[in-house]
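Undergrad: everything below, folded, please.
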Amino acid sequence: MRGTTTLEKSGYHHGNLKAALIEAADAIIRDKGIEGFSLRECARQAGVSIGAPAHHFGSAMGLLTEVALLGYESLGEALNAVGHSDDVRSDLQRLALAYVSFALAHPGRFRLMFRPDLVNRDDPRYAASSTAALSGFAHAIARRDGAASDRMAEIFVVWSSIHGMANLVLDGKAKYLFEGATPERFVSAVLPGLLAQTWPFGTSG
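TA: Numbering: from 1, shown residues only. Predicted coordinates:
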């Protein structure tokens, strides 16, 4: 089967073109990191005119916000797949492992999701998608603490600690503390035991 030509790609309908540009931006960030992204490269990969991304999304931030929303959607899917049991502490540990595993599997999306200089956090969809993605942590804490009045503080401590772990793993810091462990080995062989022994800390119960 012959490949799709640039000319054929230029025949996208409006909605399909927007989706194609988001897909191209996501692919660039996946393969080259945020530093490799540009509207020009996005247009080239999508096979459209250089001005198409700005025309449809207004700016690089507009397009990158769409990729960040995809990131939160996929993070939510990964965390929702954990499910829940009668052991809330174990649930939190499994959620934490899923969070770090997501960061390692999708480093480009993960880093972009938390970049206020690149993503429009005033987009109402951003708050909604980020809240929905992290709802598993909130529900687990609520099941454990019941009507605890300071639940937001609990959520902040839990999220900030596991988010810090995820960033340290992405930055390759684990090897300095765990006998040269690669990020992949740390997540698969070391982190589950660490979580079982020491996490979540800073929570009541």
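Undergrad: so residue 17 is in which element?
TA: Taking DSSP states H and E as the criterion, residue 17 maps to helix 14-32.
Undergrad: pop the domain breakdown of the protein in here.
TA: Per automatic domain parsing, the domain ranges recorded for the chain read 1-58, 61-198.
Undergrad: can you give me the mean pLDDT across the shortest one?
TA: By that I understand domain 1-58. On average, the pLDDT along domain 1-58 is 80.
Undergrad: where in this structure is pLDDT low?
TA: 1-15, 146-150, 201-205 (pLDDT under 70).
Undergrad: tell me which residue is most central in it.
TA: Nearest to the mean C-alpha position of the chain, counting by C-alpha atoms, centre = their mean, stands residue 110 at 3.5 Å.
Undergrad: that residue and residue 29, how far apart?
TA: Note on residue 110: its distance to residue 29, by C-beta to C-beta, to the nearest Å, is 10 Å. For every residue, glycine as well, the C-beta is placed using N, CA and C.
Undergrad: next one: residue 115
TA: Taken as C-beta to C-beta, the span from residue 115 to residue 29 is 11 Å.
Undergrad: with residue 151 instead?
TA: As defined by C-beta to C-beta, residue 151 lies at a distance of 34 Å from residue 29.
Undergrad: please say which of those two ends up with more neighbours.
TA: residue 29 (24 against 16; other C-beta atoms under 10 Å).
Undergrad: ok so, going back, heading C-terminal from the helix holding residue 17, find the next helix or strand.
TA: Following helix 14-32 in sequence order, the next helix or strand is helix 39-46 (DSSP H and E).
Undergrad: after that following helix comes which helix or strand?
TA: Beyond helix 39-46 on the C-terminal side, the first helix or strand identified by DSSP H and E is helix 52-57.
Undergrad: any idea how far that next one is from the middle of the chain?
TA: 24 Å (C-alpha atoms, centre = their mean, to the nearest Å).
Undergrad: buried ones in that helix?
TA: 52-53, 56-57 (16 or more other C-beta atoms under 10 Å).
Undergrad: check which helices and strands that helix sits against.
TA: Judged by 3 or more C-beta pairs under 8 Å, 6 or more residues apart in numbering; DSSP states H and E, the packing partners of helix 52-57 are helix 14-32, helix 39-46, helix 60-80.
Undergrad: if we can go back for a sec, tell me which element the residue nearest to the centre of the chain is part of?
TA: Counting by DSSP H and E, residue 110 is part of helix 107-113.
Undergrad: now do the next helix or strand after that helix: which elements does it pack against?
TA: Counting by DSSP H and E, the element after helix 107-113 in chain order, helix or strand, is helix 124-133. With contacts defined as 3+ C-beta pairs under 8 Å, 6+ apart, helix 124-133 has these neighbours: helix 60-80.
Undergrad: the closest residue to residue 182 other than its chain neighbours: what's it in contact with?
TA: The shortest distance from residue 182 to any non-neighbouring residue, by C-beta to C-beta, 6 or more residues apart in numbering, is to residue 175 (6.8 Å). The contact partners of residue 175, taken as C-beta atoms under 8 Å, 6 or more residues apart in numbering, are 181-182, 186.
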